[in-house]
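Engineer: the sequence and its predicted three-dimensional model are supplied below.
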Amino acid sequence: MKIATWNINGVKARLEGALTWLKETSPDVACFQEIKSVTEAFPGAAFAEAGYNVAVHGQKGFNGVAILSKRPFDEVVVKGLPGDDGDAHARYIEVLVPRQARNGGGVVRVGNLYLPNGNPIGTDKFAYKLAWMKRLQVRTRELLELEEPLVLLGDYNVIPEPADAKNPDAWREDALFQPETRAAFRTLVNLGLTDAVRACHPGPGIYTFWDYQAGAWQKDHGIRIDHILLSPQAADRLQSAGIDKFTRGWEKPSDHVPVWVELRE
DNA sequence: ATGCCTGCGGTTCGCAGA
C-alpha cells in the first residue's frame, strides 16, 4: 500500500501536474497540502476521473489540505486539528482507509498535516507554530494509544537535523530550524514514531523543498521538511520510502516534491 | 543589506510562503 504526501502549492495552478504525478506513480493514498482553495472549489471531479475518492478541508486563499484514496474512506475522522476551537486555519484532516480483506481487514489511519511556517521568529506566528506542535503532540499521544497502523504525514515545516539541509547555516535564524522547533519535533518522534524516509535512507542529501528564489533548485540548495511518521504498527509494515524529486524539474513546479512510503498490507 | 520567485485575491499590488 503506497501512501504519499505532496505540498502542491495551489491545486488550481498544479492540477495538470498533480494528475500526471498520480498517473505516473499511482499512490493508493495521496495527501496534499496548500491547496489554496475553498472546499467547494476543489477539482474533485478531475481526481475522481483519475480513480480517487476525495476528502477536502479547504480555506480561501491559502492553507488547505486534501486526501485522495483509491479505496473508499471508511471514515473522515476530523477536519481541523483538535485542541483549539478558535483556530480557523485548514491545516489538518484525518481519515481511516481500509486494508485489504484478504489480509485480515482493519484500517490504516492517515493524518495529513500542514504545520505552520512560523516565520519570522519572535512573533505571534512563531508562537502559533509551537502551540500547533503541542496540539499535534496531544493528538498523536491519543492516536498511539489505539495501537493501530497510523501514518502521520505532510509538510511539517521542520528541518530536523543539520543533515536535512544543504546549507544548515543559511537556516539558523529561520523558524524551520530553531532549537525550539527541532525539540518539539523530537518530542513528537520520541512518542514512538518512525521517520520513514530517514529509516530507509540514513545518509544526508535528501531534500523535499527547494525555494523558487535565488536558483535554489539549480544549486541543490534544498531542505527536508516534508515527513512521513509511522506508529509502531505501521513501521512493522514498512517496505520502502522515497522522494519523487523529478517533479521539481517540471514546468510550473511546486517548490515541494512528493514523499512516499510503501507499507505491507 | 535586501530581494530574489510564485500563487492567490481582487483588481494590478499586497500578502504569504520558507
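Structural biologist: Okay, I see it.
Engineer: so A:Thr181, which state does it fall into?
Structural biologist: What DSSP: H, G, I helix; E, B strand; the rest coil gives for A:Thr181 is helix.
Engineer: and it, how many residues sit next to it?
Structural biologist: 24 (other Cβ atoms under 10 Å). Glycine gets a C-beta too; all of them are placed from N, C-alpha and C.
Engineer: residue contacts, the residue lying closest to A:Ser231 once chain neighbours are set aside?
Structural biologist: In this structure, A:Ser231 finds its nearest non-sequential neighbour in A:Leu150, 3.7 Å apart by Cβ to Cβ, 6 or more residues apart in numbering. Neighbour list for A:Leu150: A:108-111, A:143-144, A:230-231, A:233-234 [criterion: Cβ atoms under 8 Å, 6 or more residues apart in numbering].
Engineer: ok, now A:Pro27?
Structural biologist: Contacts of A:Pro27 were listed using Cβ under 8 Å, 6+ apart, and they are A:2-4, A:68, A:260.
Engineer: mind doing that once more with 6 Å?
Structural biologist: A:2, A:4 (Cβ atoms under 6 Å, 6 or more residues apart in numbering).
Engineer: before we move on, back to that, as TSV, the contacts of A:Leu150 with secondary structure would be great.
Structural biologist: Output for these, formatted as TSV (three-state DSSP):
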residue	secondary structure
A:Val108	strand
A:Arg109	strand
A:Val110	strand
A:Gly111	strand
A:Leu143	helix
A:Leu144	helix
A:Leu230	strand
A:Ser231	coil
A:Gln233	helix
A:Ala234	helix
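Engineer: out of those residues, the closest to DNA strand B would be?
Structural biologist: Closest approach to DNA strand B among the contacts of A:Leu150 (Cβ to the nearest atom of the strand): A:Gly111, at 17.7 Å.
Engineer: just to revisit the earlier point, tell me which residues form a beta bridge with the residue nearest to A:Ser231?
Structural biologist: Residues in a beta bridge with A:Leu150, per DSSP bridges, are A:Arg109.
Engineer: could you check how far it is from A:Asp169?
Structural biologist: 35 Å (Cβ to Cβ, to the nearest Å).
Engineer: the strands in the stretch 101-250 of chain A, which residues?
Structural biologist: For the stretch 101-250 of chain A, the strands defined by DSSP state E, counting those that start in this stretch occupy A:107-114, A:150-155, A:194-195, A:209-210, A:222-223, A:226-230, A:238-243.
Engineer: redo those as a markdown table? Include distance to DNA strand B and mean pLDDT.
Structural biologist: Listed next are the strands of the stretch 101-250 of chain A as a markdown table, based on distance: least, Cβ to the nearest atom of the strand, whole Å; pLDDT from 0 to 100:
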| stretch | distance to DNA strand B | mean pLDDT |
| --- | --- | --- |
| strand A:107-114 | 7 | 98 |
| strand A:150-155 | 6 | 98 |
| strand A:194-195 | 18 | 98 |
| strand A:209-210 | 5 | 98 |
| strand A:222-223 | 6 | 97 |
| strand A:226-230 | 9 | 98 |
| strand A:238-243 | 15 | 98 |
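Engineer: how about those in a markdown table, adding distance to A:His201?
Structural biologist: Output for the strands of the stretch 101-250 of chain A, formatted as a markdown table (distance: least, Cβ to Cβ, whole Å):
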| stretch | distance to A:His201 |
| --- | --- |
| strand A:107-114 | 22 |
| strand A:150-155 | 16 |
| strand A:194-195 | 10 |
| strand A:209-210 | 16 |
| strand A:222-223 | 14 |
| strand A:226-230 | 12 |
| strand A:238-243 | 7 |
